[in-house]
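A.B. asks: fold the following.
(one chain, ligands or ions: 1)
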Amino acid sequence: MAKRTAKLILTEPDTVIDLPVYGGSLGHDVIDVRALVSKGVFTYDPGFMSTAACESAITFIDGAQGVLMHRGYPIEQLAAQSNYVELCYLLLFGELPTPEAYRQFEARIRNHTMVHGQIANFFQGFRRDAHPMAILCGVVGGLAAFYHDHLDTADSEDRLISAIRLVAKMPTIAAMSYKYALGQPFRQPRNDLSYAENFLHMMFSTPCEPYEVNPVFAKALDRILMLHADHEQNASTSTVRLAGSTGANPFACISAGIAALWGPAHGGANEAVLDMLEQIGDDSEANIQRFIDKAKDRNDPFRLMGFGHRVYSSFDPRARVMKETCDQVLAELGNPDDPTLRIAKRVEQIALEDDYFIQRKLYPNVDFYSGIILRAMGIPTNMFTVIFAVARTIGWISHWNEMIDGDLKIGRPRQLYVGPPRRNYPD
Ligand code: SDX
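C.D. replies: As a prediction, the model looks like this:
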């Protein structure tokens, strides 16, 4: 229902086009531009910086205020009081679960954590030094070959079964990619462990000796999963929505999301932050300033990874929670003076006082501290984006489900054609 009207005036010839303006429950109003095609014009918005591609009730971000809410609940409250499995329920169904609903949902996920025995054969085709994100893309896309019994995307129960399978199996596949690189045997999930505990067990336990999950690490990992669970229409979620709009199966859509997340400008930034901090090497003022100056130099490709965000023009609220978690994990390890953290804190302090970053509203984002925590927990750098993908799977599949449950249209953007006019093939 339009709340007001936008008038677009085109000259040559003079034309006035009335465009309906819709308002949501929070945030920006939107101008419905669909009538423009009939007037012979498209909108033009490379990078979709000012385009609302859909309606959604899942996540709200206010970039100027540094607000992130899932189904109306602020991320700070969820991180402090909830857990990842409960957040999965909230994102998927829209409300917090009753204790009984939570028990049933958690049990369903627990009972789908194993993967088909033949999936282990997939891994044999990869080199041992394959990047685990490459393995994840391939294996997750291949799940459709094993779970084609419930792929009717028009059936809400089929969509829920696929969502449960994906959320349940991602940690198992992720841990298998790590074990495969080490040449260690895959570890089966255990039903007596929580979601985060199970992942750490599958990552670090071996058949040779008992393995006790560190509760501080499990809590920190659960919080990291929550902070990465969903983030509105980011690049990978938009990829999942576009793939899903064609009717592609959910495993193929999530595999496409994993591929998009891998880019260093997106989910690959957490790995790039650690590489950057190691490249900086020491926390001397002069050395850090040299790298800050490189980041400011338009002619230098060096970027301050973990800084800046397409939407947040203030602190990413997730970065604040991540920084607290970082201090907790390092304190647990008895080395709050981790050199990489020291460099990170100095980089942050210097950058936040520098006009270049202030003017461009560049602040630390979710990726700035997450890598330091994960590395402190013994997780290798090339697994950081894998963990981001594990966490984001619930966001991707919740958006996929919301889209299919709504007014589904195949996504098909247009273009401004700047190629050659019609010409004939030479005789
Ligand atoms: C994630 O969309 C999401 O929600 C993503 C995410 C999620 O949860 O899904 O939040 C996860 O992807 C977080 C972002 C992780 N990426 C990084 O940390 C990589 C480093 N950041 C930059 O690449 C950049 O800030 C982006 C990609 C995040 C945002 O880029 P934009 O919005 O396209 O901004 P821009 O590149 O146009 O930059 C505007 C200006 C430019 O300078 P000028 O042309 O004005 O001189 O800011 C500069 C840029 O050069 N700039 C940086 C910078 N980021 C932007 N300069 C130095 N270091 C940086 N990190």
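A.B. asks: how many other residues sit next to the residue in the stretch 201-350 of the chain that the ligand sits nearest to?
C.D. replies: The stretch 201-350 of the chain approaches the ligand most closely through Gly308 (2.3 Å), counting by C-beta to the nearest ligand atom. Glycine gets a C-beta too; all of them are placed from N, C-alpha and C. The number of residues packed near Gly308 is 20, by other C-beta atoms under 10 Å.
A.B. asks: ditto for Ser162
C.D. replies: Ser162, neighbours per other C-beta under 10 Å, totals 25.
A.B. asks: residues from the chain in reach of the ligand?
C.D. replies: Residues of the chain lying close to the ligand by C-beta under 6 Å from any ligand atom are 231, 234, 265-267, 269, 295, 298, 303-311, 360, 362, 365-367.
A.B. asks: one more pass at 5 Å, please.
C.D. replies: With C-beta under 5 Å from any ligand atom as the criterion, the chain meets the ligand at residues 231, 234, 265-266, 269, 295, 303-308, 310, 360, 365, 367.
A.B. asks: from the residues you listed, which two are the most distant?
C.D. replies: Using C-beta to C-beta, the residues of the chain next to the ligand span at most 23.5 Å, a distance reached by His231 and Ala295.
A.B. asks: how about residues contacting the helix or strand bottoming out on mean pLDDT in the chain?
C.D. replies: Taking mean pLDDT, DSSP states H and E as the measure, helix 339-352 is the helix or strand of the chain with the lowest mean score, a mean of 87. With contacts defined as C-beta atoms under 8 Å, 6 or more residues apart in numbering, helix 339-352 is touched by 273-274, 277-278, 280-283, 285, 288-289, 291-292, 295, 304, 307, 326, 330, 357-358, 362-364, 368-369, 372, 375.
A.B. asks: tell me which residues of it come out buried.
C.D. replies: By neighbour count with 16 or more other C-beta atoms under 10 Å, helix 339-352 contains the buried residues Thr340, Leu341, Ile343, Ala344, Lys345, Arg346, Val347, Glu348, Ala351.
A.B. asks: care to break this protein down by domain?
C.D. replies: Using the TED database, the domain parsing of the chain gives 4-52, 71-264+385-405, 268-377.
A.B. asks: the closest residue to Tyr211 other than its chain neighbours: how many residues sit nearby?
C.D. replies: Spatial nearest neighbour of Tyr211, chain neighbours left out: Ser205 (3.5 Å); criterion: C-beta to C-beta, 6 or more residues apart in numbering. Residues near Ser205, counting by other C-beta under 10 Å, number 19.
A.B. asks: any figure for the gap between Ser205 and Gln184?
C.D. replies: Ser205 sits 10 Å away from Gln184, going by C-beta to C-beta, to the nearest Å.
A.B. asks: now swap in Arg412 and tell me
C.D. replies: Distance of Arg412 to Gln184, given as C-beta to C-beta: 46 Å.
A.B. asks: distance check, Glu285 against Phe291.
C.D. replies: In terms of C-beta to C-beta, Glu285 sits 11 Å off from Phe291.
A.B. asks: with Ser238 instead?
C.D. replies: Counting by C-beta to C-beta, the gap from Ser238 to Phe291 is 32 Å.
A.B. asks: which SSE is Asn287 in?
C.D. replies: Element membership for Asn287 (DSSP states H and E) is helix 285-296.
A.B. asks: report the buried residues of that helix.
C.D. replies: For helix 285-296, by 16+ other C-beta under 10 Å, it's Ile288, Phe291, Ile292, Lys294, Ala295, Lys296.
A.B. asks: would you turn these into CSV with pLDDT?
C.D. replies: Converted to CSV, those look like this (pLDDT from 0 to 100):
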residue, pLDDT
Ile288, 90
Phe291, 93
Ile292, 92
Lys294, 94
Ala295, 93
Lys296, 93
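A.B. asks: now the top helix by length along the chain, how far from the chain's geometric center?
C.D. replies: Longest helix in the chain by number of residues (criterion: DSSP state H): helix 156-182. Averaging C-alpha positions (C-alpha atoms, centre = their mean, to the nearest Å) puts helix 156-182 16 Å from its chain's average.
A.B. asks: avg pLDDT for that helix?
C.D. replies: Helix 156-182 shows a mean pLDDT of 97.
A.B. asks: pull the number of nearby residues for the nearest residue to Leu227 once chain neighbours are set aside.
C.D. replies: Closest residue to Leu227 apart from its sequence neighbours, by C-beta to C-beta, 6+ apart: Arg318 at 4.4 Å. By the criterion of other C-beta under 10 Å, Arg318 has 27 neighbours.
A.B. asks: is it true that Arg318 touches His70?
C.D. replies: No: applying C-beta atoms under 8 Å as the test, Arg318 and His70 come out as separate, 11.5 Å apart.
A.B. asks: ramachandran coordinates for the residue nearest to Leu227?
C.D. replies: phi -70, psi -30 (degrees, to the nearest 10).
A.B. asks: can you read off the pLDDT for it?
C.D. replies: 95.
A.B. asks: what residues are up against it?
C.D. replies: Leu68, Ile75, Leu227, His228, Asn365, Val366.
A.B. asks: list the contacts of Leu151.
C.D. replies: Ala144, Asp158, Ser162, Asn249, Pro250.
A.B. asks: out of those, which is most surrounded?
C.D. replies: Top of those by neighbour count (other C-beta under 10 Å): Pro250, with 29 neighbours.
A.B. asks: nearest residue to that residue in space, ignoring adjacent ones along the chain?
C.D. replies: Nearest non-adjacent residue to Pro250 (C-beta to C-beta, 6+ apart): Ser162, at 4.3 Å.
A.B. asks: from Ser284, how far out is the one you found?
C.D. replies: From Ser162 to Ser284 the distance is 52 Å (C-beta to C-beta).
A.B. asks: kindly report the same for Pro189.
C.D. replies: 46 Å.
A.B. asks: likewise Pro339?
C.D. replies: 12 Å.
A.B. asks: for the stretch 51-200 of the chain, which segments count as helices?
C.D. replies: 75-81, 84-93, 99-110, 119-124, 132-142, 156-182, 195-204 (DSSP state H, counting those that start in this stretch).
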